[in-house]
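**Q** Turn this into a structure:
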Amino acid sequence: MADNQSANIQALLSALNVFTRAPDKTSLENANSWLQDFQHSPEAWSTCNVLLLSPDAPPAAKLFAAQTFRSKVTYDLHQVDPSNLLPLRDTLVTALERYQSGPKTIITQLCLALSGLALQLPAWDNALQSIVETFGANPVTVPVLLQFLTILPEEVSGNTRIPVTDDEYRERSTKLLSDNSEQVLELLSMYLQATGVTHAVQSQIFDCLRSWLVAGEIDMPAFGKSPLLAFAFEALASEELFDSAVDVVCEMIHETQEIDDNMPVIELIVPRVIALKSQLEDQKDDPEKIRGYAKIFAEAGETYRLLILQHTDTFYPIVEAIGRCSAYPDLDIVPITFPFWMRLAQTIGKKTTISPLFGEAYKALMGVVIRHLHFPPDLASITGQEADNFRSFRHVMGDTLKDCCLVLGADACLLSAYGLITMALSRSPQSISWQEIEAPLFAMRSMGAEVDVMDETAVPKIMDLIPSLPIHPRVRYAALLIISRYTEWINRHPDYIAYQLQYISAGFEDPDSEVSAAAGQALKYLCQDCKQHLIEFLPTLHTFLTTTGAKLAQDDRRQVYEAIAYVISAMSMEKAAESLRTFSLDILSQIHAISSKSTAVTKQELKEVGYGLENLEVMLHVVGPFGDQLPAACQNSCQEAWSIFDTFISKFAFDYDTSERVTRVLRHGITLFGESALSVASSVLSRMVTSFEATGFSSFLWISGKFVGRFGHESDPVLRNAFQNIYERATNKVVSLLQSKDPRDIPDVLEDYVQLLLQLIRMAPDVFFQSSAFPLAFRATMAALTLIHSDLVFASLDLFRDILTHESLTPSSSPPPKFPIYSSAIKAVMEKEGFEFVGYMLSGLVGDFPEDSTAIVVTIFRAVALLWSTQLVAWLPPILQQLPPSSAPNQVKRQFLLDVTNSLNTAQYDKVKYSILALHRASRKARDRRRVTPLNQV
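**A** Okay, the predicted model is just below:
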């Protein structure tokens, strides 16, 4: 036994030593895996005990031993004989005594282990008291006791991996925490007032107190009588204790949120909080101090907001203090106050009357926020990341402006922002900075969601103001986004549309790309929300596209096409069809021209056609279908358009981006033309499979699946032949790709291929099962199960479920004529591929299958058990042998085999479900455990 333990120690030290040498990744992974496997073993208990108590063991080995005890107490306590549990406790306490002077990392791990053990060991009746007696009398060991007392409530309330029942948890947590909270308060008070107590110990006392407060185990009336309350506030004056004291004060305030139950304590806390207000001036040059005070005031404001409204004279100083924190120039501190303003505004909104002081507070807040919205005078003085962070934060501040609207009313807030702009514009142009115009404009945009679309007071003034704003890129950008935000209001006030179109049009001509993009967004929303009013402007928009459109960046041009599509969607069907044809022909003629070109096509020319396809796609998406009966303007459009696309694809299928865009347009073509697309379906499928064979691009499979899904019910023999043709040729191509490439290299191809198969089995089972491609398709789909790709795995599992639960496999006295053929094909495939297939299923179940896939796996496995029970019994042992113990521990695999075999032998096939679920749970637990401790950081 001793030799074996010595060998374990040497092997463990060798594995840990790998991490000190920084070798190759494989060596690190192997060492990490070995350590984790060792940590799971029963031998780890005794080996780690020897290491932990050995004076000659390396520091890393001692830490690993302590971590292992913590891990094994959480997961493996069942490995310890019940008679040895109290000796295990004594071992851990002895180790803690040995390491009373450090390192702290080992003390922490041992305290975690003891806390977990205390929760699971009812025989340790006086756990907390015994630790106090062991470590609490000697000043040298008091820090160890405080560390244990800090960790105990965190571990008991937070470590959900400890295997105890709800009843056991309630009983033990009460025994460990609730029954001892008064003693802990007395103990902490005693240590706090002890002669010669150091700042380090005081800080530990605060950390411990905070831990018990967070756990909800401190009785607040009792706490109010403790010297700890007053000392927490006094400690705010100490540099060393400030941060710890802030945390404790915030938690004690939070724990008094049950106002009626805690009023005596609140009466002690609030005067002390208000007394801190003067510190905002005294410490204004110390951002970290202001941050701490902001946390305290914000917590007090949120917790006592009802009292603030009911007893304003007493509590309003807290609101004033929070206002001071909101106005602080450090924008990392300001957002600490925002949740208070939001919750107070929501509470005020439910009141019929409030003190006018709150109106003044929110008016001041609005001014503060708009000042914070100002960009720096010199944008070059901040980095790109700082600029991005500031832009993101402006949107957060915009939410606080909405809170101001809730209290003050949207009109008043908008007019306030409007007044800031008009005041600035009243000065000479040379003295106006763009920032003082842009910030109120941004505020108006942020508050736009609160505006009444029938408003006749504030919004008309804003709309009249926009054309007279200074011509500056940032100002114009902000104004265009205001138009975007207020388009619902404009829809009710259409007289403004012409002016807004002029302003938007000018935005497209601005050399700043962000301004042009904002113009595109403004036009899109204007056309979306005001489409009925913009029908008369459609010729103007067409002219704009043919003249200015070519100069626009593609993103902006696409937004213009989307905007136009919204207007078309508001027209009568005949006129909409004519307009759509007009705009589409511009793009189709461009495609036809490049397809007919006799000379080589440049990359730029092909890119421009790609842009045209994007624009056509977005138009078709917005306009949508016309219904079963196509308008006259569209009667022959399907054949005409396909003839253009057919030629185009035949020439340019090898360009990946082009193939993606053209197939997306075809997808919308199916929606637009509906049954009329049936006339070209066979031709489309033929072109798609030819293109896929030539390129291997998945988009051709994707669009083929859409055609099968739309027309799979059709009985036309030409179309059925087209289905079979694409099924067999696509399958052969996929098999060929899998012979030369790893499945990980072609996940897009596999996903679109499996989706095509799903359409075939559901819409054309006669094609799917009777073809010689079926066995190859089954095997190709198995390859997809090896990938970490949720959508692909789900699609593959859906296909296998459809195959293995097909109606043809259900015995029937008078089955449909083709069912015996289908059944025979399925059984032949499973006889050949079943062993490997079940291996993939179980490997994925304990491996990387998505969490939500378990139900499908259960259904599939039950079907296999029902129809191939004899084979399954033979397949399982070697399959389970191949599953890694790290994902499926050996004991779990043995139990699974036993349970499944019993279910099959007794023909209780439904019980297979519980075996699968148990295997899945056990594997997840094993894998989660390996993620807990990054051993390579030992």
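**Q** those helices in the stretch 651-800 of the chain, which residues are they?
**A** 656-673, 678-695, 699-711, 717-740, 747-763, 765-770, 773-784, 790-804 (DSSP state H, counting those that start in this stretch).
**Q** Same list (these) but as a markdown table, adding distance to T599 and mean neighbour count.
**A** All C-beta spots, glycine's among them, are computed from the backbone N, C-alpha and C. Formatted as a markdown table, the helices of the stretch 651-800 of the chain follow (distance: least, C-beta to C-beta, whole Å; neighbours: other C-beta atoms under 10 Å):
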| stretch | distance to T599 | mean neighbour count |
| --- | --- | --- |
| helix 656-673 | 18 | 21 |
| helix 678-695 | 23 | 19 |
| helix 699-711 | 27 | 24 |
| helix 717-740 | 32 | 18 |
| helix 747-763 | 33 | 23 |
| helix 765-770 | 43 | 20 |
| helix 773-784 | 41 | 21 |
| helix 790-804 | 42 | 20 |
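**Q** Nearest to E281, out of those?
**A** For these, proximity to E281 was assessed by C-beta to C-beta; helix 790-804 is nearest, at 55.6 Å.
**Q** any idea of the mean pLDDT in that closest one?
**A** Average pLDDT, helix 790-804: 97.
**Q** what's the spacing between the very next helix or strand once past it and its chain's center?
**A** Sequence-wise, the next helix or strand downstream of helix 790-804 (DSSP states H and E) is helix 819-845. Its chain's C-alpha centre and that of helix 819-845 lie 36 Å apart, by C-alpha atoms, centre = their mean, to the nearest Å.
**Q** now for the helix or strand bottoming out on mean pLDDT in the chain, which elements pack on it?
**A** Using mean pLDDT, DSSP states H and E, the weakest-scoring helix or strand in the chain turns out to be helix 2-21, at a mean of 71. Applying 3 or more C-beta pairs under 8 Å, 6 or more residues apart in numbering; DSSP states H and E, one finds that helix 2-21 makes contact with helix 25-40, helix 44-53, helix 59-75.
**Q** list the buried ones in the strand or helix carrying G367?
**A** Counting by DSSP H and E, the element that carries G367 is helix 356-372. Buried residues in helix 356-372, counting neighbours by 16 or more other C-beta atoms under 10 Å, are found at 358, 361-363, 365-366, 368-370, 372.
**Q** Which one of these is nearest to A443?
**A** I370 (5.2 Å).
**Q** distance of that closest one from R394?
**A** 11 Å (C-beta to C-beta, to the nearest Å).
**Q** Ok, T198 next?
**A** Taking C-beta to C-beta, one finds T198 at 46 Å from R394.
**Q** Pick out whichever of those two has more residues nearby.
**A** Legend: neighbour count by other C-beta atoms under 10 Å for T198 and R394, higher for R394 (19 against 12).
**Q** What number of residues are in the vicinity of the nearest residue to that one once chain neighbours are set aside?
**A** Closest residue to R394 apart from its sequence neighbours, by C-beta to C-beta, 6 or more residues apart in numbering: L373 at 5.7 Å. If you count neighbours by other C-beta under 10 Å, L373 ends up with 22.
**Q** Check L373 and give its pLDDT.
**A** pLDDT, read off for L373, is 95.
**Q** and if you look at F626?
**A** You'll see F626 listed with a pLDDT of 80.
**Q** contacting residues around it?
**A** 573, 576-577, 634, 672 (C-beta atoms under 8 Å, 6 or more residues apart in numbering).
**Q** same check, this time on M342
**A** 399-400, 403.
**Q** go on, A918?
**A** Here A918 is in contact with 892, 895-896, 899 (criterion: C-beta under 8 Å, 6+ apart).
**Q** In helices, which of these fall?
**A** Counting by DSSP state H, the contacts of A918 place 892, 895-896, 899 in helices.
**Q** tell me which of those residues is nearest to R720?
**A** Among these, and counting by C-beta to C-beta, the member closest to R720 is F896, at 44.4 Å.
**Q** Roughly how far does the residue nearest to S569 when sequence neighbours are not counted sit from L534?
**A** Nearest non-adjacent residue to S569, counting by C-beta to C-beta, 6+ apart: V623, 5.2 Å away. For V623, the distance to L534 (C-beta to C-beta) stands at 15 Å.
**Q** do V273 as well
**A** With C-beta to C-beta as the criterion, V273 and L534 are 57 Å apart.
**Q** again with E831
**A** Counting by C-beta to C-beta - E831 and L534 are separated by 65 Å.
**Q** out of these two, which sits in the busier spot?
**A** L534 (24 against 11).
**Q** residues in contact with the closest residue to that one other than its chain neighbours?
**A** Spatial nearest neighbour of L534, excluding adjacent residues (C-beta to C-beta, 6+ apart): V567 at 4.7 Å. V567 makes contact with 527, 531, 534-535, 537-538, 541 under the criterion C-beta under 8 Å, 6+ apart.
**Q** Could you give the average pLDDT over stretch 38-50?
**A** 86.
**Q** What of stretch 878-893?
**A** Mean pLDDT, stretch 878-893: 89.
**Q** Can you tell me what sits against it?
**A** 33, 36-37, 40, 835, 838-839, 842-843, 846-847, 896-897, 918-919, 922-923, 926-927, 930.
**Q** same question, stretch 789-799
**A** Contacts with stretch 789-799, where a contact means C-beta under 8 Å, 6+ apart, come from 747, 750-751, 754-755, 757-758, 761, 781-782, 784-785, 787, 844, 849-850, 852-853, 856-857, 860.
**Q** circling back to that earlier point, buried subset of the contacts of stretch 878-893?
**A** 36-37, 40, 835, 838-839, 842-843, 846-847, 896-897, 919, 922-923, 926, 930.
**Q** what about the strands in the stretch 51-200 of the chain?
**A** Counting by DSSP state E, counting those that start in this stretch, the stretch 51-200 of the chain has no strands at all.
**Q** would you list every one of the helices in it?
**A** Along the stretch 51-200 of the chain, the stretches classed as helices by DSSP H, counting those that start in this stretch are 59-75, 85-98, 104-120, 127-135, 142-158, 166-176, 181-192, 199-214.
**Q** Would you mark the buried spots in the second one?
**A** Translated: helix 85-98. Applying 16+ other C-beta under 10 Å to helix 85-98 flags 85, 88-89, 91-93, 95-96 as buried.
**Q** go on, the third one?
**A** Of the residues in helix 104-120, those with enough neighbours to count as buried (16+ other C-beta under 10 Å) are 106-120.
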